[in-house]
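*Asks:* Take this sequence and fold it.
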Amino acid sequence: MAAGTGTGTDGRRFDSGRVCLDLVATGAGESGACERLGSPERLAEWLITSRLVPHGTSLAAVDGTWVVRFRRLRTDVDRLMAAQLGGGRAEYALERVNARAACAPPGLRAVRGKDGLLVRALSAAPACGELLAAVARDAVDLLTDPEAREGLRRCEGDACRRLYLDTSRGRRRRWCSSEVCGNRERVARHRRRVKAVQ
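*Replies:* You can find the predicted model right below:
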């Protein structure tokens, strides 16, 4: 499935470059105030904005059990990515992600939209396990692709832990967002210089 997009704590759209990393970005911060999968409605919204399901897909089946299962997968993917960045192993998380990835993702088909152009649609109403499989497969794909794995980064912003793929020229990107975390760092650096001069 296509790389997804989520909404950050500041209301801006965040695109990590991979849907599995976008899922990790929905996590609660230290205070728990930033939980973006806090209800079935929020999860359904994320499934659409992440492009796991096309707009207009019925998500009436999404309930609290889906939220719990997506949060568990989010934790496992986060542990795997942290282990990858830190040289660890996270074997239990790996087993759980592999088990999810072994299931079939939702079936896709092309249908004519109102304007006559082909658009993506699901073959049937999505099941939770199918959507979890799509995210888990994306994580497996990222971790087993040497080029993608080489671009895995964690934001260097002071209060940010977001993961993203660095596809910049020379792979020198330091922040998940130059406009948010990068700007905060530049402002902080400026304040330190002004303070040092005083």
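
*Asks:* Grab the nearest non-local neighbour of residue 174.
*Replies:* Spatial nearest neighbour of residue 174, chain neighbours left out: residue 156 (4.6 Å); criterion: C-beta to C-beta, 6 or more residues apart in numbering. The way it works is simple: take the backbone N, C-alpha and C, and place the C-beta from them, glycine included.

*Asks:* Need the pLDDT of the one you found.
*Replies:* You'll see residue 156 listed with a pLDDT of 82.

*Asks:* Go through this protein and flag its longest helix.
*Replies:* For the chain, the helix that runs over the most residues, judged by DSSP state H, is helix 64-86.

*Asks:* next one: it to chain centre, how far?
*Replies:* 10 Å (C-alpha atoms, centre = their mean, to the nearest Å).

*Asks:* State the helix or strand in which the most centrally placed residue in the chain lies.
*Replies:* The chain has residue 22 as the residue nearest its centroid, 1.1 Å off, counting by C-alpha atoms, centre = their mean. Element membership for residue 22, per DSSP states H and E: helix 19-24.

*Asks:* If you average the pLDDT over that helix, what comes out?
*Replies:* Computed over helix 19-24, the mean pLDDT rounds to 95.

*Asks:* which helices and strands sit right next to it?
*Replies:* Packing contacts for helix 19-24, counted by 3 or more C-beta pairs under 8 Å, 6 or more residues apart in numbering; DSSP states H and E, involve helix 64-86, helix 128-144, strand 163-165.

*Asks:* try it again with 10 Å
*Replies:* In terms of contacts (3 or more C-beta pairs under 10 Å, 6 or more residues apart in numbering; DSSP states H and E), helix 19-24 is packed against strand 6-7, helix 40-49, helix 64-86, helix 128-144, strand 163-165.
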